[in-house]
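In: sequence plus predicted model, see below.
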Amino acid sequence: MSTTPHTPAPEPTTPTQTAHPWRAAVRTFVQTWVPFVLLIVLALPEVMPLLDDELGQYLPDHVRGWLLGIGTFAAALAALATRLMALQSVTRVLERFRALGWLAPTPPRR
């Protein structure tokens, strides 16, 4: 039996995505983009010779640039989605519909 007094739960505060929406969007962009760039820079040079051996000179040299562009575009879309999810109107919709409550920045009230 524990003798420690029960600590009340803290009052809910404004989620950081709502308080600082652009910061959350930039963080999401960086969290999405950096691993993709590292993958392209570190893994692609190792994989390309294997692909060249198997496929011949099938892939043009500019493929790496296109892949970086695609990764940057994907990271920008992730940042946009983060920014949209931080809008108060989107949060209200997510909280209103029980099936979408798990997407809200704070847990839905039961």
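Out: Looks like it arrived, so ask away.

In: contacts and neighbour counts: CA atoms only from here.
Out: OK.

In: so what's the residue nearest to the spatial centre of the chain up against?
Out: Geometric centre of the chain, nearest residue: residue 28, 4.5 Å, by CA atoms, centre = their mean. Taking CA atoms under 8 Å, 6 or more residues apart in numbering, we find residue 28 in contact with 75, 78-79, 82.

In: for this protein, which helix is longest?
Out: helix 63-85 (DSSP state H).

In: give me the helices and strands touching that one, please.
Out: Judged by 3 or more CA pairs under 8 Å, 6 or more residues apart in numbering; DSSP states H and E, the packing partners of helix 63-85 are helix 21-38.

In: any idea which helix or strand comes after the helix it packs on?
Out: helix 44-55 (DSSP states H and E).

In: let me see the mean pLDDT of that following helix.
Out: For helix 44-55, mean pLDDT rounds to 77.

In: just the angle between it and helix 63-85, please?
Out: When axes from the mean of the first three to the mean of the last three CA atoms, to 10 degrees is applied, the directions of helix 44-55 and helix 63-85 differ by 120 degrees.
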